[in-house]
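Engineer: fold the following, please.
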Amino acid sequence: MKILELVREGFAHHIIFSAGLLLIMGFIMGQLSEKIKLPSITGYIFAGILLGEAGFNLIRAENIDQLNILSEITLSFIAVIIGCEFSFSKLRAYGTKVVIITLVQMFLTFGLISAGLIVLGLSTYIAFILGAIGAATAPAATVVIVEKLRARGEFVDYLYGIVALDDAGTVILFSVAFAIASAVISGTEVNFWIGLLQAGKEILYSIIAGVIGGALIHFSTRNSKNLGEMKIITLGIIFLTTSVCISLHLSPLIANMTVGMLLVNLSRKNIRILTALQPLTPPLYAIFFTIAGTELHLGIFTSGSALTAGLVFILMRAIGKYGGVFASGHLLKLKPGISNWLGLALLPQAGVAIGLVLFVQGSSVVGAASPAIQLEITEMINIILMSVFFNEILGPPLAKIAIRKNLRRR
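Structural biologist: Numbering: from 1, shown residues only. So this is what the prediction gives:
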């Protein structure tokens, strides 16, 4: 214990020490996880729990806030990777089916979560926000598992397509739900169409930002044969695209998916850009998920009402995701291996959900709300954190099983 106190007092204040500790501990726990046949992601998250407030408290909150910039960078990379799977040839082959499956599982998840929480006694507007957030998936977990297994093929094409469209749809669902909630909280008239228009504008402007970023990367690197130069230009433009979206309250996830989609369709040669950036991704993935682990607080399990609501949320989300894909997949006559297993690969939940919760928490409307509403918002945050805890620990192993059942090596 004295050693821990010494570390806290002597070194924990330094952000570089925090970054190093996150990487080393993440690596160790990731290796241990793989030894027992779990994804390394699960180990990273446990490492974060051990280092955060729930464990040895070796990472200060202010350092986590500063290190979150690395999480933004990681999500940007992941979004570009997912976007690169959206070639027009694949869209022609799977496009309509991907859209149908995405919509069915997304709305089923939203409906089941909302209904379950309303029956439990939560306010309708809180249940709608939670339903919308529950529809989100975790693109980071998906990409890491697929890359680790070196998987490819029809299953992965459907998986990437659904993850990408699902998060875009979640933005619309959440924007409408939050517009309704804001109207209820502030006592103004609810305007569904304004909320829908706002969501549409956010997605449209995010796509435009991505088109500009992707075009700049393509035309700046198409004649370059120097991988070093390509890395510098690509990283710079991805960073600029991400920062512009964050500053303008757009979706960097959608923008960077658009960057990847544009690059792969303008020229197959642009795949070399991803190859050039590949060596940067392992440490980013490790620190991203370890940071996510530090933000999980085990105190949420001490509240009876939050625990019950959290379990209902987790159960309804699992039924919505798996059941929606299973039913629509069989109706669309997909291969049994895809329709039977694809829903399991959508269970992980992390960055997008936490980001939406932080948006609610930081909203000026919520900040000016009554103490009773503030208490409801706090309970809502606890429900999401509990769901993230379960789905990021249990979700990746289930996703790994699903992908292995349909595995084709790169």
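Engineer: right, and the helix or strand after the strand or helix carrying residue 316?
Structural biologist: For residue 316, the host element (DSSP states H and E) is helix 304-331. Later in the chain than helix 304-331, the nearest helix or strand by DSSP H and E is helix 336-341.
Engineer: hang on, the earlier thing: and the helix holding residue 316, which residues are buried?
Structural biologist: Buried residues in helix 304-331, counted by 16 or more other Cβ atoms under 10 Å: 306, 309-314, 316-329. From N, CA and C alone the C-beta is placed, and that goes for glycine too.
Engineer: all the strands of the stretch 101-250 of the chain, residue numbers only.
Structural biologist: For the stretch 101-250 of the chain, no strands are identified by DSSP state E, counting those that start in this stretch.
Engineer: can you state the direction angle for whichever strand or helix holds residue 401 and helix 304-331?
Structural biologist: Using DSSP H and E, residue 401 sits within helix 371-405. Interaxial angle of helix 371-405 relative to helix 304-331 (axes from the mean of the first three to the mean of the last three Cα atoms, to 10 degrees): 40 degrees.
Engineer: contacting residues around residue 330?
Structural biologist: Counting by Cβ atoms under 8 Å, 6 or more residues apart in numbering, residue 330 makes contact with residue 339.
Engineer: what does stretch 313-329 rub up against?
Structural biologist: Stretch 313-329 is touched from outside by 100-101, 104-113, 115-117, 130, 134-135, 137, 162, 338-340, 342-344, 346-347, 349, 383-384, 386-387, 390-391, with contacts defined as Cβ under 8 Å, 6+ apart.
Engineer: are any of those buried, and which?
Structural biologist: Buried among these (16+ other Cβ under 10 Å): 101, 104-110, 112-113, 116-117, 130, 134-135, 137, 162, 338-340, 342-344, 346-347, 349, 383-384, 386-387, 390-391.
Engineer: can you give me the domain boundaries for the protein?
Structural biologist: Domain segmentation of the chain under automatic domain parsing yields 2-66, 72-291+301-405.
Engineer: among these, which is the most enclosed?
Structural biologist: A comparison of these by mean neighbour count, using mean count of other Cβ atoms under 10 Å, puts domain 72-291+301-405 on top with a mean of 20.
Engineer: all helices of the stretch 51-200 of the chain, in order?
Structural biologist: Here the stretch 51-200 of the chain has its helices, by DSSP state H, counting those that start in this stretch, at 61-83, 88-120, 124-134, 139-149, 154-186, 192-221.
Engineer: host element of the nearest residue to residue 79 once chain neighbours are set aside?
Structural biologist: Residue nearest to residue 79 in three dimensions, not counting chain neighbours: residue 256, with 3.4 Å by Cβ to Cβ, 6 or more residues apart in numbering. Applying DSSP H and E as the criterion places residue 256 in helix 252-266.
Engineer: quick one on the thing from earlier: turn the domains of the chain into CSV, including mean pLDDT.
Structural biologist: CSV is the format used below for the domains of the chain (pLDDT from 0 to 100):
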stretch, mean pLDDT
domain 2-66, 79
domain 72-291+301-405, 81
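Engineer: how about stretch 308-320 as PDB, C-alpha atoms only?
Structural biologist: Extracted as PDB, the C-alpha positions of stretch 308-320 are listed here (Å, rounded to 0.1, in the frame of the first residue of the first chain):
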ATOM      1  CA  THR A 308     -32.800  -3.300 -11.800                       C
ATOM      2  CA  ALA A 309     -33.200  -0.700 -14.600                       C
ATOM      3  CA  GLY A 310     -29.700  -1.500 -15.800                       C
ATOM      4  CA  LEU A 311     -30.500  -5.200 -16.100                       C
ATOM      5  CA  VAL A 312     -33.700  -4.500 -17.900                       C
ATOM      6  CA  PHE A 313     -31.800  -2.200 -20.300                       C
ATOM      7  CA  ILE A 314     -29.100  -4.800 -21.000                       C
ATOM      8  CA  LEU A 315     -31.700  -7.600 -21.500                       C
ATOM      9  CA  MET A 316     -33.900  -5.600 -23.800                       C
ATOM     10  CA  ARG A 317     -30.900  -4.300 -25.800                       C
ATOM     11  CA  ALA A 318     -29.600  -7.900 -26.300                       C
ATOM     12  CA  ILE A 319     -33.000  -9.100 -27.400                       C
ATOM     13  CA  GLY A 320     -33.500  -6.200 -29.800                       C
END
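Engineer: next one: it to chain centre, how far?
Structural biologist: The chain centroid and the centroid of stretch 308-320 are separated by 18 Å under Cα atoms, centre = their mean, to the nearest Å.
Engineer: ok, now stretch 385-396?
Structural biologist: Centroid separation for stretch 385-396 versus its chain: 12 Å, with Cα atoms, centre = their mean.
Engineer: for stretch 384-404, same thing?
Structural biologist: Distance, stretch centre to chain centre, for stretch 384-404: 12 Å (Cα atoms, centre = their mean).
Engineer: same question, stretch 202-209
Structural biologist: Chain-centre distance of stretch 202-209: 18 Å, with Cα atoms, centre = their mean.
Engineer: so what touches it?
Structural biologist: Stretch 202-209 has contacts (Cβ under 8 Å, 6+ apart) with 168, 171-172, 175, 241, 244-245, 248-252, 254-255, 258.
Engineer: what about 6 Å?
Structural biologist: Stretch 202-209 has contacts (Cβ atoms under 6 Å, 6 or more residues apart in numbering) with 171, 241, 244-245, 250-251, 254-255, 258.
Engineer: just checking, what packs against whichever helix or strand comes after the helix holding residue 256?
Structural biologist: Downstream of helix 252-266, the first helix or strand assigned by DSSP H and E is helix 271-277. On a contact count with 3 or more Cβ pairs under 6 Å, 6 or more residues apart in numbering; DSSP states H and E, helix 271-277 meets helix 227-247.
Engineer: now do the helix it packs on against helix 61-83, angle only.
Structural biologist: Going by the same axes, to 10 degrees, helix 227-247 is angled at 110 degrees with respect to helix 61-83.
Engineer: which neighbouring elements make contact with helix 227-247?
Structural biologist: So helix 227-247, by 3+ Cβ pairs under 6 Å, 6+ apart, packs with helix 192-221, helix 252-266, helix 271-277.
Engineer: next one: the second one to chain centre, how far?
Structural biologist: Between the mean C-alpha point of helix 252-266 and the mean C-alpha point of its chain there is a distance of 17 Å (Cα atoms, centre = their mean).
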